[in-house]
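> Based on what follows, work out the 3D shape:
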Amino acid sequence: MQRVFSGIQPTGIPHLGNYLGAIRNWVTLQADHDCVFCLVDLHSITMPWDPQTLREQTLGSTACLLAAGIEPTRLYNQSAVSAHARLGWIFNCVSRLGWLNRMTQFKDKAGKNRENHSAGLYVYPNLMAADILAFHATRVPVGEDQRQHIELTNDIAQKFNHDMGVEFFPQVEAFIPPAAARVMSLRDGSKKMSKSDPSEQSRIVLTDTADDIALKIRRAKTDSEPLPGEMDGLSERPEARNLVSIYAAMSDETPAAVLSRFSGQGFGPFKNALADLLVERLAPVATETQRLLQDEAHLLSVLRAGAERANSISEPIVQEAERLVGFLR
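Purely as a prediction, here's the structure:
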């Protein structure tokens, strides 16, 4: 049974893109993989943050993940397991500046004012590599935009092994879900659905009520043309393609099958069908999330138990990495 590691930033209640691109796949992977799922709160402080908000969002994310079907023993918050930070520092010293300079996500997040961003934002790909390799994970479910980080993880593993003269860290495979890895904004089909978008109408979050979901889908940007019979007809229609892709992912169908059913129809009937489908699948998650949020003590106990399991796996691995480096204990 291969070990899977995956993490998600606790930056607010997860949205539909998080659910289809990561969380739902995590639930499926639990059946036949040894899974380790992490709320990466160390990564959350690479950008400006508010401490109280971080605490609240970590608990909120915990509630959502449990409500969506993540097994409690597999979930913990990153800062509760010291192996992440310890191996991350070792990897800061193994990774090369040239490798980090090629990381596109730093450039995207920092923008033009790079000199004023934290060093943590620059080196966080090394911590991401440590997150994975601290567990000797061999599969990581990621979106296409994260493939570069898996390549860096393998570069770091290879260099560590070469420098220490061992075959210690394994090669890691990027597992990219076959559908809905990129869910786009409901207001702009050229942009990913995001928690940071100022418009709440751009995203569906996992605590939205049935009325919220129906309203957001009804207001979602589309065009005046009917739905085509084939996917080629959506090539220049990003908003229409996004809604069809969401329907396909939620119904476990192909986009072609969805178009076959709704071909020639306008967006009124299609949006109604999509809203009904989303309400059916997401309303139970929202209800359970709200219930869990009323019991902070339970959420904290889940995170503590998950951290104990994660520590039992990662501690022997990172202690051996420290021995190989030459650290005395």
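> Wait, Pro238 touches Arg187, no?
No - contact criterion C-beta atoms under 8 Å: Pro238 and Arg187 do not qualify, at 11.3 Å. Every residue, glycine included, has its C-beta placed from N, CA and C.
> For Gly229, which residues are in contact?
If you count contacts by C-beta atoms under 8 Å, 6 or more residues apart in numbering, Gly229 has them with Leu259, Ser260, Ser263, Gly264.
> Repeat the analysis, applying 7 Å as the threshold.
Contacts for Gly229 (C-beta atoms under 7 Å, 6 or more residues apart in numbering) come out as Leu259, Ser260, Ser263.
> and the first one, how many neighbours?
In other words, Leu259. Neighbours of Leu259 under the rule other C-beta atoms under 10 Å: 22.
> elements contacting the lengthiest helix in the chain?
Secondary structure of the chain per DSSP state H: the longest helix is helix 296-325. Counting contacts by 3 or more C-beta pairs under 7 Å, 6 or more residues apart in numbering; DSSP states H and E, helix 296-325 packs against helix 51-68, strand 75-77, helix 83-94.
> Quick one: work out the angle between the last one and helix 296-325.
Same thing as helix 83-94. If you take axes from the mean of the first three to the mean of the last three C-alpha atoms, to 10 degrees, helix 83-94 sits at 40 degrees to helix 296-325.
> how about helix 83-94: buried residues?
Neighbour counts over helix 83-94 (16 or more other C-beta atoms under 10 Å) mark Ala83, His84, Arg86, Leu87, Gly88, Ile90, Phe91, Val94 as buried.
> Please identify the buried residues of the helix or strand just after that helix?
Using DSSP states H and E, the helix or strand that follows helix 83-94 in sequence is helix 97-101. Using 16+ other C-beta under 10 Å as the test for burial, helix 97-101 gives Trp99, Leu100.
> Now the element after helix 97-101, going C-ward?
Proceeding N to C from helix 97-101, the next assigned helix or strand is helix 104-110, under DSSP H and E.
> which residues touch the next helix or strand after that following helix?
Counting by DSSP H and E, the next helix or strand C-terminal to helix 104-110 is helix 119-133. Applying C-beta under 7 Å, 6+ apart, the external contacts of helix 119-133 come out as 5, 7, 38, 40, 42-43, 45-47, 84, 87-88, 91-92, 95, 100, 103, 106, 109-110, 140, 149, 152-153, 156-157, 169, 172.
> From these, keep the buried residues only.
Buried members of the contacts of helix 119-133, counted by 16+ other C-beta under 10 Å: 5, 7, 38, 40, 42-43, 46, 84, 87-88, 91, 95, 100, 103, 106, 110, 140, 149, 152-153, 156-157, 169, 172.
> pLDDT below threshold where in the stretch 101-250 of the chain?
Scanning the stretch 101-250 of the chain for pLDDT under 70 picks out the ranges 177-181.
> change it to 90
Applying pLDDT under 90 to the stretch 101-250 of the chain flags residues 103-118, 141-147, 175-182, 195-196, 231, 235.
> What residues of stretch 63-80 count as buried?
Across stretch 63-80, burial judged by 16+ other C-beta under 10 Å covers 63-68, 70, 72, 74-80.
> meant to ask about stretch 218-226, not that
For stretch 218-226, the neighbour count (16+ other C-beta under 10 Å) marks Ala220, Lys221, Thr222 as buried.
> Dump the residues you listed to TSV, plus distance to Leu121 and secondary structure.
Converted to TSV, the buried residues of stretch 218-226 look like this (distance: C-beta to C-beta, whole Å; DSSP: H, G, I helix; E, B strand; the rest coil):
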residue	distance to Leu121	secondary structure
Ala220	32	coil
Lys221	32	coil
Thr222	36	coil
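> okay, those residues in CSV with distance to Pro198 next?
Listed next are the buried residues of stretch 218-226 as CSV, based on distance: C-beta to C-beta, whole Å:
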residue, distance to Pro198
Ala220, 17
Lys221, 15
Thr222, 21
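> quick one: which of the residues you listed is nearest to Tyr247?
Nearest to Tyr247, judged by C-beta to C-beta, of the buried residues of stretch 218-226 is Ala220 at 11.7 Å.
> how far away is that closest one from Lys271?
For Ala220, the distance to Lys271 equals 7 Å [C-beta to C-beta, to the nearest Å].
> Tell me the secondary structure at Thr46.
At Thr46, secondary structure determined by DSSP: H, G, I helix; E, B strand; the rest coil is coil.
> Surely it touches Ser118?
Yes - using C-beta atoms under 7 Å, Thr46 makes contact with Ser118 at a distance of 5.8 Å.
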